[in-house]
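1. Got a predicted structure here, sequence first:
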Amino acid sequence: METLEQLRERLAARFPAAQTVLATDPGAAAEHSLLLDSTHARDIARFLRDDPALRLDYCSNATGVDWPEKEITDVVKTSVPDPAGGPAKIVETKSVRVQPGYLEAVYHLYSIALKHGPVVIRLRTANRTDAVTLPSLTPVWRSCDFQEREIFDLFGIVFAGHPDLRRILMWDEFKDHPMRKDYVEPPDYEWEPTAHDEILEKAKAFRASPAATPLDEPSVASAKEGIK
C-alpha cells in the first residue's frame, strides 16, 4: 500500500480544491494521519472506500479529541554582530500567541478486501463553541453510526447528515459533554439513577447542604429513591 504522503499527493490531484494535510505523530506509536478539509471530507471518504488500490471498506473506530485553547511560545533566534569585532551573539526573541481550541473526529480505516490498514483520517471543527459541525461519514461507512453518536454525546461535535444523531450514553436532558477537558462534574448528581461509592457520598453531602433545592419531577424523585 502507498505511504500517507503518496496518498496525500494523490488526493491533492484528485481533489484540487480540498486541503489535505499530513499530520505527524511525534509519539512512540508514530500513528500519522491525514487531516481532511471538512467541506470535501465526504467525497474524499467515498474515494478512499471505492478506489481500486485502496478499497478502505471498513471503519473500525471513530473517536473524538478535545483540544482546548492554549498559549504557544515562539522563539526567534537572531545573529547580532559584536561591535568589538568578536564573534556574533545569538539573541533569542520570544513571543506568546494563543492557539484557539477545536475538536476533532478521528477515524481508523481498513480494507477487508485487500487486507491493509489502518489509514487514519481526521476532521477538525472551527472552534469549541459555536462552530462544531462536521459532515457525518456514516453514509460512507455504516459502522460510524453509533460511534459518531458517542462523539456527539461526549464531545459535542454535531455530525451533519447523520441518520439518527442523538445521545447514546447520557440521558436526553443532560446539558454538557463529559469528555471535554474543561468539563466540571455537577455537585448534586440529581440525575444519577444508580449512585454508589464516591458518587453516592457526594450526592448525600449535597442533599444535606444549604445549596440543595427540592425537585419535583417524577424522574428525579425516582433517582433520589435509588440513592437513599
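-> Looks like it arrived, so ask away.
2. quick one: secondary structure of residue 73?
-> strand (DSSP: H, G, I helix; E, B strand; the rest coil).
3. distance of the residue of the chain most remote from its centre from residue 78?
-> Among the C-alpha atoms of the chain, the one most distant from their mean position (Cα atoms, centre = their mean) is that of residue 84, at 55.2 Å. Distance, residue 84 to residue 78, by Cβ to Cβ, to the nearest Å: 18 Å. Just so you know, the C-beta spots here come from the backbone N, C-alpha and C atoms, and that holds for glycine as well.
4. next one: residue 123
-> 39 Å.
5. out of those two, which sits in the busier spot?
-> residue 123 (23 against 10; other Cβ atoms under 10 Å).
6. What count of nearby residues applies to residue 103?
-> Around residue 103 there are 26 residues (other Cβ under 10 Å).
7. Quick check: bridge partners of it?
-> residue 66 (DSSP bridges).
8. right, and it touches residue 66 too?
-> Yes: using Cβ atoms under 8 Å, residue 103 is in contact with residue 66, at 5.8 Å.
9. Check the contact lists of these two and give me the overlap.
-> Shared contacts of residue 103 and residue 66 (Cβ atoms under 8 Å, 6 or more residues apart in numbering): 128, 155.
10. Could you report the separation of residue 197 from residue 203?
-> Taking Cβ to Cβ, one finds residue 197 at 11 Å from residue 203.
11. Comparing those two, which residue is more hemmed in?
-> residue 203 (24 against 7).
12. mind giving me the domain split of this protein?
-> 4-66+102-174, 185-228 (automatic domain parsing).
13. how about the helices in the protein?
-> Using DSSP state H, the helices of the chain run over 4-14, 41-50, 144-155, 197-207, 218-225.
14. which one is residue 168 nearest to, not counting chain neighbours?
-> Spatial nearest neighbour of residue 168, excluding adjacent residues (Cβ to Cβ, 6 or more residues apart in numbering): residue 149 at 4.2 Å.
15. Next, the contact list for that neighbour, please.
-> 162, 164, 165, 166, 167, 168.
16. ok, now with 7 Å
-> 165, 166, 168 (Cβ atoms under 7 Å, 6 or more residues apart in numbering).
17. How about residue 177?
-> By Cβ under 7 Å, 6+ apart, the neighbours of residue 177 are 154, 155, 156, 183.
18. okay, stretch 151-158 in CSV with CA atoms only?
-> Output of stretch 151-158 as CSV, limited to C-alpha atoms (Å, rounded to 0.1, in the frame of the first residue of the first chain):
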residue,chain,number,x,y,z
ILE,A,151,-18.7,11.6,19.9
PHE,A,152,-21.7,13.9,19.7
ASP,A,153,-22.8,12.9,23.2
LEU,A,154,-19.4,13.1,25.0
PHE,A,155,-17.6,15.8,23.0
GLY,A,156,-20.4,17.9,21.4
ILE,A,157,-19.5,17.6,17.7
VAL,A,158,-22.6,17.9,15.6
